[in-house]
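Asks: Return atomic coordinates for the entry below.
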Amino acid sequence: MTKTYDYLIIGAGLYGAVFAHEATKRGKSCLLIEKRNHIGGNIFTENRNGVNVHKYGAHIFHTSNKEVWEYIRQFAEFNRYTNTPIANYKGEIYNLPFNMNTFNKMWGVITPQQAYDKIESQRSQYKNKNFLHREPQNLEEQAISLIGYDIYEKLIKGYTEKQWGRDCKDLPAFIIKRLPVRYTYDNNYFNDLYQGIPIGGYTAMVEKMLEGKEVRLGVDYLKKREELNKLLSKDTGKIIYTGPIDAWFDYTLGELEYRSVRFETEELPTGNYQGNAVVNYTDKETPYTRVIEHKHFEFGTQETTVISKEYSAAWKPGEEPYYPVNDEKNHELYQKYVKLAAKEKHVIFGGRLGEYKYYDMDKVIESAFKAVGKEI
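Replies: Numbering: from 1, shown residues only. Below you'll find the predicted structure:
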């Protein structure tokens, strides 16, 4: 007799792993189906000569939710890594997020009041000329109204246009509304109370979450859904789907847009390539958006190093979708899919693709918690 399961979980990334772990604790049986040949989704790390390489881009765990922080530390010990990226504009180096170190390098100012006055002068001049009596209408207007013209031109414009493949005037203002601007000499990118990288990499962490769970790798659920659905417990079984919501419905209403990322990863015969884990290249002429030197995430002392250059690109079916394009058109299309999803009583849509949302890792865990609490 064929074994059946309470939950068929499509995707062995963080959302699927949390749901599987919690459901199993509550006595439910789970089978995870993963299209890729590995677990972990986009937080997958692979070991290359002792360096844990973030294969799908840099992932730094950060949260202010103590419950989430204590939960995730069941599965890994975290180091003290603090995210302090830098920006390279045509050989000029600036600290991120925008803070007093950035302002001092840009203008030579020393005190917070001097920095504030400089920014206020630039944004007031721009506002008077462009949108004195209305709210910013696009990303360019929003950025300059927050941080002034010089920083926008050097540290935002080129990087953003590479990342999104559009002119900043054609991007919605809300993308940059929460731009961190600090009048302190603090280079910590995040304000969260807890931050770090799992020692030994994210893959080992997810492996621990999935201990004892059945996982089938290299299986495309959507191509075999009729066959796989027979493995669900009759009447009570449910599907946890973390793939693209539009793909579930065979793109009936049209395709949601994403930005994709292409990586060029190489091992170099040097112990230290750039002196920092993350360097953003903010001029438009440099074809890649940033360079990641993976060993610095875990304070590595290996004799060689591994770097990844990241190239932003338009997404096409068959490629990996990374960032949802959350403009008005895509939001309206997603809401139509949400209405269809509400009719799928045996399916829970979750994660960044199932919910068409750019999630930080702690928010993925919170979302999975919520789904388990509501479901079981």
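
Asks: residues of stretch 42-56 that come out buried?
Replies: Within stretch 42-56, the residues scored as buried using 16 or more other C-beta atoms under 10 Å are 42-46, 48, 51-56. From N, CA and C alone the C-beta is placed, and that goes for glycine too.

Asks: So which of these is the closest to residue 365?
Replies: residue 43 (11.4 Å; C-beta to C-beta).

Asks: how about the closest one, what does it touch?
Replies: Residues in contact with residue 43, defined by C-beta atoms under 8 Å, 6 or more residues apart in numbering, are 13-14, 54, 56, 59, 202, 206, 361.

Asks: Are any of those residues buried, and if so which?
Replies: Counted by 16+ other C-beta under 10 Å, those give 13-14, 54, 56, 59, 202, 206, 361 as buried.

Asks: Which ones among those residues lie within helices?
Replies: Those of those mapping onto helices are 14, 202, 206, 361, per DSSP state H.

Asks: got JSON lines for these, with pLDDT and distance to residue 232 too?
Replies: JSON lines is the format used below for these (pLDDT from 0 to 100; distance: C-beta to C-beta, whole Å):
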{"residue": "14", "pLDDT": "98", "distance to residue 232": "23"}
{"residue": "202", "pLDDT": "98", "distance to residue 232": "29"}
{"residue": "206", "pLDDT": "98", "distance to residue 232": "24"}
{"residue": "361", "pLDDT": "97", "distance to residue 232": "29"}
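
Asks: Farthest-apart pair in these, please.
Replies: Going by C-beta to C-beta, the pair spanning those furthest: 206 and 361, at 11.2 Å.

Asks: which residues do those two both contact?
Replies: With C-beta under 8 Å, 6+ apart as the test, residue 206 and residue 361 both reach 14, 43.

Asks: TSV please, covering the ones in helices among the buried ones among the contacts of residue 43 and showing distance to residue 37.
Replies: Formatted as TSV, those follow (distance: C-beta to C-beta, whole Å):
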residue	distance to residue 37
14	18
202	16
206	14
361	22
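
Asks: Between the residues you listed, which sits nearest residue 295?
Replies: For those, the nearest to residue 295 is residue 202 (15.1 Å; C-beta to C-beta).

Asks: which residues does that closest one contact?
Replies: With C-beta under 8 Å, 6+ apart, residue 202 has these contacts: 40, 43-45, 52, 54, 59.

Asks: how close does it get to residue 189?
Replies: 19 Å (C-beta to C-beta, to the nearest Å).

Asks: Include distance to residue 337 when you put the buried ones among the contacts of residue 43 into CSV, please.
Replies: Formatted as CSV, the buried ones among the contacts of residue 43 follow (distance: C-beta to C-beta, whole Å):
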residue, distance to residue 337
13, 20
14, 22
54, 30
56, 24
59, 27
202, 29
206, 28
361, 24
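
Asks: Out of those residues, the closest to residue 33 would be?
Replies: For these, the nearest to residue 33 is residue 13 (11.9 Å; C-beta to C-beta).

Asks: Could you find the closest non-adjacent residue to that closest one?
Replies: residue 41 (2.3 Å; C-beta to C-beta, 6 or more residues apart in numbering).

Asks: Can you list the low-confidence ranges for this structure?
Replies: Counting by pLDDT under 70, the chain contains low-confidence ranges at 1, 131-132.

Asks: Walk me through the domains of it.
Replies: Per the record, the chain has its domains at 7-79+194-253+326-375, 98-176, by automatic domain parsing.

Asks: Tell me which of the ones you listed sits nearest to residue 285.
Replies: Of all these, domain 98-176 sits nearest to residue 285, with 7.7 Å by C-beta to C-beta.

Asks: What's the end-to-end length of that closest one?
Replies: End-to-end distance for domain 98-176: 13 Å, by C-alpha to C-alpha, to the nearest Å.

Asks: now it: how far from the chain's centre is it?
Replies: Relative to its parent chain, domain 98-176 has a centroid offset of 24 Å by C-alpha atoms, centre = their mean, to the nearest Å.

Asks: Ok, stretch 179-199 next?
Replies: For stretch 179-199, the distance to the chain centre is 16 Å (C-alpha atoms, centre = their mean).

Asks: export it as CSV, just CAs?
Replies: This file holds the C-alpha atoms of stretch 179-199, laid out as CSV (Å, rounded to 0.1, in the frame of the first residue of the first chain):
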residue,chain,number,x,y,z
LEU,A,179,16.1,54.4,2.6
PRO,A,180,18.3,54.4,5.8
VAL,A,181,19.9,57.8,6.5
ARG,A,182,21.8,58.1,9.7
TYR,A,183,23.5,61.1,11.3
THR,A,184,25.9,58.9,13.2
TYR,A,185,29.2,57.2,12.4
ASP,A,186,27.6,53.8,12.4
ASN,A,187,28.3,51.5,9.5
ASN,A,188,25.9,48.7,10.6
TYR,A,189,23.5,48.3,7.7
PHE,A,190,20.7,46.9,9.9
ASN,A,191,18.9,48.4,12.9
ASP,A,192,17.9,44.9,14.1
LEU,A,193,18.9,43.7,17.5
TYR,A,194,20.1,40.3,16.4
GLN,A,195,22.4,39.6,13.4
GLY,A,196,24.8,37.0,12.2
ILE,A,197,25.7,34.1,9.8
PRO,A,198,25.3,30.4,10.8
ILE,A,199,28.7,29.0,11.4
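
Asks: Fine, thanks again, bye for now.
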